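*Asks:* Predicted model, plus sequence, below.
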Amino acid sequence: MARIPLVDVKAQYAPLIPELKRRFAEVIESGVFILGPNVKAFEQECIDFLGVQDAIGVANGTDALVLVLDALGIGAGDEVICPAFTFYATAEAIARIGATPVFADIDPETLNLDSDDVAARITPRTKAIMPVHLFGRPAPLAELAALGLPLIEDSAQAFGSSEIGTTGVAATFSFFPTKNLFCLGDGGLVAANDPELAERVRMLRFHGSRDKVEFELVGYNSRLDEVQAAMLRVLLKELPRFNDERCAGAQVYRDLGLGDLVTTPGAAVGHVYHLFVCRSPERDNIRAALGEQGIATAVYYTTPLHLQPAMRQFGYEPGSLPVTEQVARDNFSLPLWAGIDGPTQERVVDAVRQAARQPVG
Ligand SMILES: Cc1ncc(COP(=O)(O)O)c(C=O)c1O
């Protein structure tokens with residue numbers, strides 16, 4: 001039987017290949033590869049799509065975070081509160097600019113930051129909160145904003161969610177090929193709602209200069225390139241459909257009764273299902289059984305960030321973030337992408353059903 005991948009990236013863009021090739025050829029013919037018309041147009045299209053004040057194309061989602069932190073003047077001696085149940089880049093960006101990541105625990109229902117735990121960790125040194133819209137589900141922005149600190153929304157996994165991008169001082173995005181909005185390589189974006197912050201990010205992505213003549217800041221070389229921007233302009237037009245299809249796929253899993261077998265992600269407002277992440281005490285058995293049937297699954301953040309070797313310097317011990325550590329032990333994700341078909345999902349649910357019936361051990 002055919003293998004089922006966790007995400008079929010190519011199936012999503014396959015019908016668009018002729019158009020992508022045409023745009024690719026146009027860039028080659030133009031001879032302009034860095035900060036040209038496609039980047040400018042894509043930035044404007046993102047401003048319109050996201051409803052934000054400004055958007056700056058950068059090299060990847062990690063740099064997007066670093067550039068925002070740097071532009072806000074955050075550095076040594078400052079603290080930024082973030083989850084430990086997220087991709088490493090979230091905390092890495094904070095540590096990279098010399099600040100201290102302060103890890104808060106998550107809500108077991110949403111897997112996003114628990115705002116009460118965030119509130120308890122605020123100190124006079126806290127300069128920002130960095131919520132992650134994990135797996136495409138919006139973090140509790142209103143509750144976090146009420147804490148009175150700047151929010152930097154790590155939105156790498158949630159482009160196109162109606163709920164995100166306008167509450168924080170900035171939202172950052174990754175266009176890594178498995179993301180909801182993706183390019184054909186690395187790419188990223190900073191969406192900013194403060195003109196001064198946007199201007200600083202724009203300068204920082206190009207060596208701290210506005211005009212390539214005067215260098216006002218010590219910056220970076222972190223630009224989205226023309227080829228990727230040209231691809232992204234094609235794919236952004238498809239994004240509402242991509243996200244609708246992801247949401248429809250998530251609903252199919254629920255309709256097939258998956259929720260009777262394992263804990264499934266809820267149908268939250270604004271959820272764009274970057275991943276379909278379930279939980280079960282039987283996760284290892286279920287994964288092994290699905291693997292035998294050629295069905296790919298994945299587990300996320302099995303060593304949460306506070307326990308990663310590079311983050312041990314910040315003094316967290318096992319047991320310090322109980323919900324995070326429990327979810328790290330029992331989560332697993334099932335195949336989902338824009339355009340996944342019903343029979344494929346039925347095969348997945350049948351396999352989970354069979355596995356759930358097996359005796360443990
Ligand atoms: C939550 C989160 N933050 C940041 C990043 C970093 O993005 P990139 O891989 O484009 O640097 C990712 C991407 O993998 C992510 O999932």
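*Replies:* Happy to help now that I have it.
*Asks:* going forward, measure contacts and count neighbours with C-alpha atoms only.
*Replies:* Fine.
*Asks:* quick one, strands of the protein?
*Replies:* Remark: strands assigned in the chain by DSSP state E are 54-58, 79-83, 100-104, 126-129, 152-154, 170-174, 188-192, 276-279, 331-334.
*Asks:* Could you check those and tell me which one is nearest the ligand?
*Replies:* strand 170-174 (4.0 Å; C-alpha to the nearest ligand atom).
*Asks:* Kindly report the domain assignment for the chain.
*Replies:* Structural domains assigned to the chain are 9-103+111-233, 239-357, following automatic domain parsing.
*Asks:* First-to-last residue distance for the longest one?
*Replies:* Yep, that's domain 9-103+111-233 we're talking about. The first and final residues of domain 9-103+111-233 sit 17 Å from each other (C-alpha to C-alpha, to the nearest Å).
*Asks:* Kindly report the residues of the stretch 151-300 of the chain close to the ligand.
*Replies:* With the criterion set to C-alpha under 6 Å from any ligand atom, the stretch 151-300 of the chain comes near the ligand through 154, 156-157, 174-176, 186-188.
*Asks:* Pull out the buried positions in the biggest helix by length in the chain.
*Replies:* Using DSSP state H to define each element, the chain has its longest helix at helix 226-255. By 16 or more other C-alpha atoms under 10 Å, the buried positions in helix 226-255 come out as 226-236, 239-240, 242-243, 245-250, 252-254.
*Asks:* ditto for stretch 76-89
*Replies:* Neighbour counts using 16+ other C-alpha under 10 Å place 78-89 of stretch 76-89 among the buried residues.
*Asks:* do the same with stretch 300-310
*Replies:* Neighbour-count burial for stretch 300-310 flags 300-307 (criterion: 16+ other C-alpha under 10 Å).
*Asks:* swap in stretch 64-73?
*Replies:* Of the residues in stretch 64-73, those buried (16+ other C-alpha under 10 Å) are 64-72.
*Asks:* Would you mind listing the residues in contact with the closest residue to residue 272 other than its chain neighbours?
*Replies:* Using C-alpha to C-alpha, 6 or more residues apart in numbering and skipping residues adjacent in sequence, the residue nearest residue 272 is residue 136, 4.8 Å away. Contact partners of residue 136, counting by C-alpha atoms under 8 Å, 6 or more residues apart in numbering, are 157-159, 161, 271-275.
*Asks:* 7 Å instead, please
*Replies:* If a contact means C-alpha atoms under 7 Å, 6 or more residues apart in numbering, then residue 136 has 157-158, 271-274 as its contacts.
*Asks:* What is the most widely separated pair among those?
*Replies:* Greatest spatial distance among the contacts of residue 136 (C-alpha to C-alpha): 157 and 271, at 10.3 Å.
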